[in-house]
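Enquirer: turn this into a model:
(chains A and B)
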Protein chains: 2
Amino acid sequence: MLAPDELGPTLCIGEILVEIVADTVGQGFTEAQALTGPFPSGAPAIFIDQCGRIGGSAAMIGTVGDDDFGRLNIERLHRDGIDVSAIAVDPELPTGSAFVRYRPDGSRDFVFNLAHSAAARIGWTDPVRRIIDRAAHLHVMGTALAMTPAWPLIDDALESVRARGGTVSFDPNLRKELITDPQIGPRIQRVMAMTNLLLPSEAELELVGTDPERLFAQGISEIVVKRGAAGAIAYRPGEDPVASPAFVVEERDPTGAGDCFGGAYVACRRLGLTVQRALDYASAAGARNVTFIGPMEGAGTRAELDAFIATTERRT
Amino acid sequence: MLAPDELGPTLCIGEILVEIVADTVGQGFTEAQALTGPFPSGAPAIFIDQCGRIGGSAAMIGTVGDDDFGRLNIERLHRDGIDVSAIAVDPELPTGSAFVRYRPDGSRDFVFNLAHSAAARIGWTDPVRRIIDRAAHLHVMGTALAMTPAWPLIDDALESVRARGGTVSFDPNLRKELITDPQIGPRIQRVMAMTNLLLPSEAELELVGTDPERLFAQGISEIVVKRGAAGAIAYRPGEDPVASPAFVVEERDPTGAGDCFGGAYVACRRLGLTVQRALDYASAAGARNVTFIGPMEGAGTRAELDAFIATTERRT
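Expert: Numbers count the residues shown, from 1 in each chain, chains lettered A, B, ... in the order given. Predicted coordinates:
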């Protein structure tokens, strides 16, 4: 259903940043405390890293600063097999950053530098043009829809990839209450109209529609709903839903779970695995990642995920 | 010689930022590592914090972001008695930041976000105008001369403070090889022409001139040279130099030593202490600060510095 892996890379476009994680649970960053970082991060980067690590061909478009934080991101993605030729280095602005601290109730405090970082300098370059023209699959990460300079690239890639017979997946990954930019609604509509594979969490279903049949009628041919501890379910027109129970893990850092889930699912499907096997790998990738501190530190290779699946209990 | 403390606050204008310090010695930030922070920082902020902590009246002009890092800085300065009414909160840009890691040879690697942070949004506001009009002493921190938007405020304050019979101190605090902006030279000349008290390190003397008599002829009436382990020396026209030997301490984090030295010296002189006593407090303030991790964590109250002096060995 998705364009096969050999036709060209899966492309993701959006923010690349570093994340610094507080070692202790508590309220915010108004006092000095133990931290760990910088970790490579950004939802699109986490997605594409897991995609590459599990064996899918993958490429990333984004912009970092000319600093150690940018080099850290490029080196990690390159190590994991991602085509980084279209990651630009901005000579002026620093690499985007996010400080994250978990509160006792599981919610998070952030200090972001994104809108005025190199991440927001994303734009057209020759390597960007070339990678869009080579991609066989585009994954649209919802977070990037809130970054206005990324939209012309995503919009072009949607058209370009689909026109060549490529496919599109979409992870809404935007909380409804955080959408204040009136342009985001139309962008979501445009992406939805081009989407083959939809990867919402249960909460994000309200953003895109909860009835699979209506979504199928719009042209979507595969819907995978991430339900956390309740596991994941895949819907396809005219077929029985396919379920994958959640793995039982000790959560150390939930950031990146949904992005790793998506990266593994898209790569596995493009590599020709069945919905059931792709769903199992995706669930494993998400679950394994939360056992590591750092947003993409637990992104697994296929061998690592096989070992994880073989040794980890599942909810019944 | 300096305007007495009761006439109005010592004013410092410049960058306010947070500092995140690597726990281990090594090369840069291209991998995740143990960090501690955010610490309140920025050379002008460190100076003014020590000035306030030792009991001088003090005020700060600068800009932070609307985030925890900004609140951390404002709260610290407020706690230490600084007038923070002219610290602006920029609604868009994040508070400036610096990641610092010491290399094995004692040099430092940095990742800065300063030029495109709230710190660079410093500018005229009503509270800024009011505090400049109230200040009895202006301390010019060399680092702020490299921040173009701060210059009109500093330039105005030089004129305004001197016109009211106030005084000016200047810490060059700029490495010659780092000065690439051709406007900085003329700014230094302008500040030097208005300076009463000059506070260079030995290395910075080449920037402003090494001959005390020539500096006295330009109108400077007190020169205090910071010589690190070789102690500090004060020169005044027609008087014997006054020396203060260095304290023997275990250095944990040298950042901020010169700024604390300056803050203590200026405050003590304005409070009426002799050159010798001010020099001893200044040496103690610099030495005590390096025994704390974090650029202004060791800024001492007068009681803390008395205790430090009473219990710490000095080089002979």
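Enquirer: got the contact list for the one helix or strand in chain A whose mean pLDDT sits lowest?
Expert: The weakest-scoring helix or strand in chain A, judged by mean pLDDT, DSSP states H and E, is helix A:205-208 (a mean of 81). Residues outside helix A:205-208 that contact it (CB atoms under 8 Å, 6 or more residues apart in numbering or on different chains): A:Pro172, A:Leu174, A:Lys176, A:Ile188, A:Met192, A:Leu198, A:Pro200, A:Leu215, A:Val225. Every C-beta, even on glycine, is put in place using the N, C-alpha and C of the backbone.
Enquirer: show the buried residues in the residues you listed.
Expert: Neighbour counting by 16 or more other CB atoms under 10 Å in any protein chain shown classes A:Pro172, A:Leu174, A:Ile188, A:Met192, A:Leu198, A:Pro200, A:Leu215, A:Val225 among those as buried.
Enquirer: what's around the closest residue to chain B within the stretch 201-316 of chain A, how many residues?
Expert: When scored by CB to the nearest CB, the stretch 201-316 of chain A has A:Gly294 as its residue closest to chain B, at 6.1 Å. Counted with other CB atoms under 10 Å in any protein chain shown, residues neighbouring A:Gly294 total 23.
Enquirer: and if you look at A:Ala136?
Expert: 21.
Enquirer: quick one: it from B:Gly56, how far?
Expert: 67 Å (CB to CB, to the nearest Å).
Enquirer: swap in A:Ala303?
Expert: Distance from A:Ala303 to B:Gly56, by CB to CB: 64 Å.
Enquirer: of those two, which one has the most company?
Expert: Per other CB under 10 Å, whichever of A:Ala303 and B:Gly56 has more neighbours is B:Gly56, with 23 against 10.
Enquirer: what about the more buried one, which SS state?
Expert: coil (DSSP: H, G, I helix; E, B strand; the rest coil).
Enquirer: if we can go back for a sec, so which of the contacts of helix A:205-208 is the closest to chain B?
Expert: Closest to chain B, out of all of the contacts of helix A:205-208 and judged by CB to the nearest CB, is A:Leu174, at 21.2 Å.
Enquirer: and that closest one, what does it touch?
Expert: A:Leu174 touches A:Gly142, A:Thr143, A:Leu145, A:Ala146, A:Ile184, A:Ile188, A:Glu204, A:Leu207, counting by CB under 8 Å, 6+ apart.
Enquirer: grab the nearest non-local neighbour of the closest residue to chain B within the stretch 101-250 of chain A.
Expert: Nearest residue of the stretch 101-250 of chain A to chain B (CB to the nearest CB) works out as A:Asn113 at 4.3 Å. Take A:Asn113 and drop its neighbours on the chain: the residue closest to it by CB to CB, 6 or more residues apart in numbering or on different chains is B:Pro94, 4.3 Å away.
Enquirer: give me the number of residues near the one you found?
Expert: 28.
Enquirer: my guess is it contacts A:Phe99, does it?
Expert: No. Between B:Pro94 and A:Phe99 no contact is recorded; they are 10.0 Å apart, counting by CB atoms under 8 Å.
Enquirer: tell me the helix or strand right after the least confident helix or strand of chain A.
Expert: helix A:212-217 (DSSP states H and E).
Enquirer: per-residue confidence averaged over the next helix or strand after that following helix?
Expert: Read in the C-terminal direction, the helix or strand following helix A:212-217 is strand A:222-226, with elements assigned using DSSP H and E. Average pLDDT, strand A:222-226: 97.
Enquirer: now do the helices in the stretch 201-316 of chain A.
Expert: With helices called from DSSP state H, counting those that start in this stretch, the stretch 201-316 of chain A shows them at A:205-208, A:212-217, A:257-270, A:275-289, A:302-311.
Enquirer: and these, which is most packed in?
Expert: For the helices of the stretch 201-316 of chain A, the largest average neighbour count (mean count of other CB atoms under 10 Å in any protein chain shown) is found in helix A:257-270, namely a mean of 30.
Enquirer: so who does A:Asn196 touch?
Expert: A:Met1, A:Leu2, A:Thr167, A:Val168, A:Ser169, A:Gly219, A:Ile220, A:Ser221, A:Glu222.
Enquirer: compare the residues you listed and tell me which is most surrounded.
Expert: Counting by other CB under 10 Å, top hit in those: A:Ser169 with 27 neighbours.
Enquirer: about what we covered before: which of the contacts of helix A:205-208 sits closest to A:Gly42?
Expert: Nearest to A:Gly42 among those, counting by CB to CB, is A:Leu174 at 14.5 Å.
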